[in-house]
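Engineer: what follows is a predicted structure for the sequence shown.
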Amino acid sequence: MVKVVVCGAAGGIGQPLSLLLKQSDLISHLALYDIVNAAGVAADLSHINTVSKVTGHVGKDSLAEALRGAHTVVIPAGVPRRPGMTRDDLFKVNAGIVRDLAQACAENCPKAFILVISNPVNSTVPIVCEVLKKANVFDPRRVFGVTTLDVVRSSTFVSQVKPQFEPHSNRVTVVGGHSGATIVPLLSQIKQLSFTPEEIKALTHRIQFGGDEVVKAKDGAGSATLSMAAAGARFTIALLEASVRGKRGIVESTYVHLAGNPGAEWNLRSTGLEYFAQDVELGPDGVANVLALPNLSAEEQSLVKTAIGELKGNIAKGINFIKEGSGPASKL
Ligand SMILES: NC(=O)c1ccc[n+]([C@@H]2O[C@H](COP(=O)([O-])OP(=O)(O)OC[C@H]3O[C@@H](n4cnc5c(N)ncnc54)[C@H](O)[C@@H]3O)[C@@H](O)[C@H]2O)c1
Ligand SMILES: O=C(O)C[C@H](O)C(=O)O
């Protein structure tokens, strides 16, 4: 029995993500939780003729039931950006939402994999980990910041500049975090391609600020939802392939707690950070191996240095939110 729970399932990401997860025969129960409308989304999806049972859970009183027995919990709950906002501006509202969902996971499904989509990911992942640490149920192998959209965008944008680069089957490693300058695509690792310095600069900028492109185009109606659903489903299915089916050699870039994770010593020492996104091999218990940062070009070294500076503050903000005590979730 593989139960996957989507928290925020009625939202812009939650609905298409749930639809994509409904296609997977790795999932036997898809539980959809939201503070509104999850019953309707669940009824609708439940008519699709695939193997999983779908249940809807609306409101805080139904959260425990939604989470009980979960193998994996995916969290796209919270508010998205509008033009002019940074992801960090979302902290005020989303930090409390993510904290409360993490607390419910600690109580109802302490061994579940937790996949955090809600922004700002650089801070919400530390929030989840701190809540689980406080509850004595933290396993660093089981908590992931979903940065797959940066990888998806990288493949797409590189293929638009280099048509011989097939976007579906070629992956680009993206390290750092998930916001602007903390997103560092390692274009030097694409060994089959060569780029001019101008191409590197333009591509790096587009990947770092791809989210802003969508926020601007949606003009007040939110941020990336459909591409994020595709990216979120890709990461969730990759984790299920590794953990349920026992498939080996699956590597995805993701933002994880470094200390205590297999293979993470090098990145822990070289970044000096508690959390960092990099290529991770997935396995039966989640993180099987954190891959060491490869040799970086001079430009990439400088980008990583800038990312580290920004990540330090983002991480401390998330940790302090739990350590120093935080009130109820607030409004924007
Ligand atoms: N990691 C990434 O790459 C990435 C990409 C895109 C968006 N995001 C983030 O994902 C989040 C969701 O974006 P969206 O476009 O789906 O927003 P949305 O407003 O369309 O949907 C959010 C959903 O969360 C629900 N929700 C609010 N509080 C909740 C709670 N306490 N428990 C459960 N559900 C709750 C809302 O009812 C809503 O249905 C935002 O924070 C956004 O910034 C992350
Ligand atoms: O840009 C955003 O706010 C949403 C998301 O983080 C993205 O990268 O599209």
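Structural biologist: Yep, that arrived. Ligands and ions are numbered 1, 2, ... in the order given.
Engineer: Val121 versus the residue at the greatest distance from the centre of the chain, what's the distance?
Structural biologist: Distance to the chain centre peaks in the chain at Thr196, reaching 30.9 Å (criterion: CA atoms, centre = their mean). Counting by CB to CB, to the nearest Å, the separation of Thr196 from Val121 is 31 Å. In this view, the C-beta of every residue, glycine as well, is placed from N, C-alpha and C.
Engineer: I'd say Ile27 and Met1 touch.
Structural biologist: No. Judged on CB atoms under 8 Å, Ile27 makes no contact with Met1 at a distance of 9.8 Å.
Engineer: the two - which one has more neighbours?
Structural biologist: Under the neighbour definition other CB atoms under 10 Å, Ile27 and Met1 were set side by side, and Ile27 has more, 25 against 8.
Engineer: and that one, what is it in contact with?
Structural biologist: Applying CB atoms under 8 Å, 6 or more residues apart in numbering, we find Ile27 in contact with 2-4, 21, 51-52, 240.
Engineer: wait, is it part of a helix?
Structural biologist: No. Applying DSSP: H, G, I helix; E, B strand; the rest coil, one finds Ile27 to be coil, outside a helix.
Engineer: which phi and psi does it have?
Structural biologist: phi -110, psi 130 (degrees, to the nearest 10).
Engineer: same check, this time on the one 5 residues further on
Structural biologist: Backbone dihedrals for Leu32, given as degrees, to the nearest 10, come out at phi -110, psi 120.
Engineer: taking the contacts of Ile27 one by one, which sit in strands?
Structural biologist: The strands, defined by DSSP state E, take in 3-4 from those.
Engineer: out of the contacts of Ile27, which end up buried?
Structural biologist: By neighbour count, with 16 or more other CB atoms under 10 Å, these hold 2-4, 21, 52, 240 as buried.
Engineer: list the helices and strands the host helix or strand of Lys305 packs on?
Structural biologist: Assigned by DSSP states H and E, Lys305 belongs to helix 298-323. Where contact means 3 or more CB pairs under 8 Å, 6 or more residues apart in numbering; DSSP states H and E, helix 298-323 is packed against helix 91-108, helix 121-134, strand 174-176, strand 183-185, helix 197-208, strand 275-283.
Engineer: got the contact list for the last one?
Structural biologist: Read that as strand 275-283. With CB under 8 Å, 6+ apart as the test, strand 275-283 has contacts from 122, 125-126, 129, 145, 147, 150, 173-178, 238-239, 241-243, 248-258, 267, 287-291, 293, 311, 315.
Engineer: restricted to buried residues, select those residues in ChimeraX.
Structural biologist: Selection of buried members from those for ChimeraX, criterion 16+ other CB under 10 Å:
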select :122,125,126,129,145,147,150,173,174,175,176,177,178,238,239,241,242,243,250,251,252,253,254,255,256,257,258,267,287,288,290,291,293,311,315
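Engineer: contacts with ligand 1 among the contacts of strand 275-283, please.
Structural biologist: Counting by CB under 6 Å from any ligand atom, His178 from these sit close to ligand 1.
Engineer: so which of the contacts of strand 275-283 belong to helices?
Structural biologist: 122, 125-126, 129, 150, 238-239, 241-243, 267, 311, 315 (DSSP state H).
Engineer: contacts only, for whatever residue of the stretch 201-332 of the chain ends up closest to ligand 2.
Structural biologist: Across the stretch 201-332 of the chain, no residue is closer to ligand 2 than Gly211, which sits at 2.3 Å (CB to the nearest ligand atom). Gly211 makes contact with 81, 87, 149, 223-224, according to CB under 8 Å, 6+ apart.
Engineer: tell me, what residue is most central in the chain?
Structural biologist: Taking CA atoms, centre = their mean, the chain has its central residue at Val146, 1.3 Å away.
Engineer: isn't it up against Ala229?
Structural biologist: No. Using CB under 8 Å, Val146 is not in contact with Ala229, being 11.0 Å away.
Engineer: neighbours around whatever residue of the chain ends up closest to ligand 1, how many?
Structural biologist: Sorted by distance to ligand 1 under CB to the nearest ligand atom, the residues of the chain start with Gly11, at 2.1 Å. Number of residues near Gly11 (other CB under 10 Å) recorded here: 26.
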